Every structure is written in structure tokens, then in C-alpha cells.
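*Asks:* Okay, predicted coordinates and the sequence, questions at the end:
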There are 2 protein chains.
Amino acid sequence: MDIAFVLYGQMTALDLVGPYEVLAGHPQVKPHFVAETLGTVRCDNGLAIQADATFEDLPGAELIVVPGSSHWRTALDDDSLIRWLAAAHATATWTTSVCTGSTLLAKAGVLTGRRATSHWVARDTLADDGAIVSSDRVVIDGDVITCAGVSAGIDMALTLAATLWGEPTASAIQLALEYDPQPPFDHGSPEKAAPEIVAAVRAALGQA
Amino acid sequence: MDIAFVLYGQMTALDLVGPYEVLAGHPQVKPHFVAETLGTVRCDNGLAIQADATFEDLPGAELIVVPGSSHWRTALDDDSLIRWLAAAHATATWTTSVCTGSTLLAKAGVLTGRRATSHWVARDTLADDGAIVSSDRVVIDGDVITCAGVSAGIDMALTLAATLWGEPTASAIQLALEYDPQPPFDHGSPEKAAPEIVAAVRAALGQA
């Protein structure tokens, strides 16, 4: 199975690396790291990841994983990325996104009339672009899976792994990643965090 | 604050990218991606990350983050990496590891007589190298923090963020990453997974 892990400037690394770590180790998977041009892509907190295929080299794949970005409004102006997503989705078996990656799929027309989700700061934009917005952490609508912000990509990919390869395999992946989360605080959603912290994060990310 | 994110061939990307995403976005942080040589480092599932400093360029940093590897026994033979860890720890304020990264710290002499943890498949090796092994997900002993496998780096880094910058800041980071984990299964530790799955993962990773 060919998986296209999509790269673009100022993307959020964990959005991509969560699903990558869940999916790319499977013996049936051939991972591709695809961007507009070859070379390194600089993520929003400074990490540089190498693209080994261009959009032209790899017009599609069975499974597409689209990360989000803390500069997600700027990413919506990336016409070559949006065009590639629209074309690649047309031939993919599964199209998936993490965090604000779903706003890129919406811009590409993939989410029109579909149930979908995103990072909580981007839900209004997702609705404006035609999606039926859910606050669920992982949303499956036909061949499209979207999920909530950043870390939600791990939950999304484990759900997908169980669909692709069965629950025993997904369980083995969860155990290999020792994914038995124990966050030191319980402030990971806007419903659980203090209002002033929600406001601060919304101010930082909502308009970025 | 200078943070050295340590890179080496066949490392596990998520071990590094979890703490990176928690810590590197803070305005006081300057992240460095350090390896034996400049250029790209290929991770164990195919992702290539770029090193922007060599061990010689960056002899130390206030905070060190050491990832593990599914080829962790091979990594223990990387003498230049082990030497750098021993020297860098001597001047660091915090030395941290994720997953089997702690076996590298133990080999470097950092964990002798200290409480520490690792990926569950590597606990015996950690004990053989002089650590007092704990099964806790995050273990703090003085200026050294170790944690369990792969995904545990997110929990470790949030704990550290609260120590460095206070709980409101750590909460804001958790909310920005929407870290409200909802694994589709509850098989993320050897105590929770089926015995045959534990045996299969141990066979795959324990001797790799």
C-alpha cells in the first residue's frame, strides 16, 4: 500500500509523524513524503523534514495523510497543494487529515456535504467551506477520515489501522508505541481547559 | 533556552517529535537538531529529518532530548553518540529520554544508581546497565527524566513544561495540541494487551 504523507512549509510535524508512526512500519506499506518540490520542508516549530517525491512525481496514492499547520490560513493560499489534494483524492482509497489539514481538504472540495472535524479553532472555517462539522475526535465519512488537533492523528491512525489490517494488528501497533496515554493534566479540549487559556490559545492560533 | 534534539540513524521519529512539539514552540526555546554529521538522518520507518548541527558544533545544551529506536541494540554500539551524551549531560540542566533512548543514557553512565524507565521491552537491559528500573510512564530522578515507549514523550514533555514554565503554560500547550487522547483500544501497555500480542511485539522489538 502506497501512502502519501503530504509536506508543506510551516506544517505541524506531529500532525504527520503521529499517523506515520502508526502506519508506516507495517510490512505492506510503502511511505512517500511528497511536497511541491524535493528537498527539506521546514515545519512551524523549526524541524526540517525531507520530501522524497514531488506532486508531479506522485500524482496519487492509495492513502493520503494531510497534516495541519499553526499558520493554517496562509496554507489555504497554496494553490498547487490544493490542486494536488483535489486530484489525488479522486483516485485514493482513503483520504485523511489531521488538525487543520481538513481546511485544506475543504478548500479542495473534498468535504462538501460531508461530516468532518478539525482543530477546534478552525471549526467555523471548515463549516464555511461546506463541511458538516462534528466535534468528535475522529470522524469517518465514506472514504474520508478527519480528526481533531495535532495529537488526534494517533487516535485516527489506530482506528484506520484496525479497518485496514484488523484489530489484533492495530493493538500490536498500540503496544509497540506504548500508547497508554497519561497526560499530567486534563486540559486537552476547550471544554476542559480554563476559559482564559482557551481564549489565549484561540487568539494565538485562530487567526494565525 | 537551547534544546538539543538528538538525531541518529534508525531512530524512532515520534520519540523526538512528541517532545519537540510540546517544547519547541515556546518563545524562550531555541531548538537544535544535532547529529554526528550534518544532513538528513533516516528514521526507522523511512522519514528523513535534517540535522542542522554536529556533535562537534554543539557540545551541549540546557536541555537534551534523546529518542529511542526499534533498532536500539544496534544504537548502543554508536560510540560517538554515547560519548556526546556523557559529555553533554555533564553541563545540561535537564537530560531527558524517550523510549529506548534511556538505554543510550545508561550506556553513557548517566543512569547509574538512578531511577529510570524505558520502552517495556528494554527494561532488563536498563537494569543490566545500572539503573533502578521503574514501570512508571514518566520517571524524574534529579536532573534526568526518562519515560516509557514512543508516545510517552508527550506526557514527559508536558510534565517538564509545567516544571519549566508553570502549569498554565503547560495547559495551554496541551490545549493547542488538543491532547485529549481517545485511543480506540486500551492495549497500550503489556498489562493491558493480550498475551499473544505482547509476545509478538517482544519478539519483534526485544532483540532488534
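*Replies:* Cool, the structure landed.
*Asks:* In three-state terms, label the most far-flung residue of chain A relative to its centre for me.
*Replies:* When distances are taken from the C-alpha mean of chain A, A:E196 lies farthest, 27.1 Å away, according to CA atoms, centre = their mean. What DSSP: H, G, I helix; E, B strand; the rest coil gives for A:E196 is helix.
*Asks:* Helix or strand next in line after the host helix or strand of A:L164, which one?
*Replies:* For A:L164, the host element (DSSP states H and E) is helix A:152-165. Proceeding N to C from helix A:152-165, the next assigned helix or strand is helix A:167-176, under DSSP H and E.
*Asks:* now for that following helix, which elements pack on it?
*Replies:* Applying 3 or more CB pairs under 8 Å, 6 or more residues apart in numbering or on different chains; DSSP states H and E, one finds that helix A:167-176 contacts helix A:152-165, helix B:195-205. Every residue, glycine included, has its C-beta placed from N, CA and C.
*Asks:* Could you export those helices as TSV, including distance to A:L85?
*Replies:* Shown next, in TSV, are those (distance: least, CB to CB, whole Å):
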stretch	distance to A:L85
helix A:152-165	17
helix B:195-205	34
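*Asks:* Switch the ones you listed over to CSV; also include mean pLDDT and distance to B:R137.
*Replies:* Output for the helices and strands packed on helix A:167-176, formatted as CSV (pLDDT from 0 to 100; distance: least, CB to CB, whole Å):
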stretch, mean pLDDT, distance to B:R137
helix A:152-165, 98, 15
helix B:195-205, 93, 17
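*Asks:* Out of these, which one sits most buried?
*Replies:* helix A:152-165 (a mean of 24; mean count of other CB atoms under 10 Å in any protein chain shown).
*Asks:* quick one, that one and helix A:167-176 angle?
*Replies:* Helix A:152-165 and helix A:167-176 are oriented at 150 degrees to each other (axes from the mean of the first three to the mean of the last three CA atoms, to 10 degrees).
*Asks:* Give me the contacts around helix A:152-165.
*Replies:* Residues outside helix A:152-165 that contact it (CB atoms under 8 Å, 6 or more residues apart in numbering or on different chains): A:1, A:14-16, A:18-19, A:21-23, A:26, A:28, A:63, A:65, A:67, A:94, A:96, A:98-99, A:137-138, A:140, A:145-147, A:169-170, A:173-174, A:177, A:179, B:151, B:178, B:181-185.
*Asks:* Mind checking which of those are in helices?
*Replies:* Mapping the contacts of helix A:152-165 onto helices (DSSP state H) picks out A:L14, A:D15, A:L16, A:G18, A:P19, A:E21, A:V22, A:L23, A:T169, A:A170, A:I173, A:Q174.
*Asks:* Which entries within those residues meet the buried criterion?
*Replies:* Buried members of the ones in helices among the contacts of helix A:152-165, counted by 16 or more other CB atoms under 10 Å in any protein chain shown: A:L14, A:D15, A:L16, A:G18, A:P19, A:E21, A:V22, A:L23, A:A170, A:I173, A:Q174.
*Asks:* Just give me the closest of those to B:A88.
*Replies:* Distance to B:A88 across those (CB to CB) is lowest for A:L14, with 24.5 Å.
*Asks:* Which residue comes closest to the closest one once chain neighbours are left out?
*Replies:* Nearest residue to A:L14 in three dimensions, chain neighbours excluded: B:E21, at 4.0 Å (CB to CB, 6 or more residues apart in numbering or on different chains).
*Asks:* just checking, the one you found touches A:D44?
*Replies:* No. Under the criterion of CB atoms under 8 Å, B:E21 is not in contact with A:D44, lying 9.4 Å apart.
*Asks:* Quick check: neighbours shared by these two?
*Replies:* A:T12, A:A13.
*Asks:* All set now, cheers.
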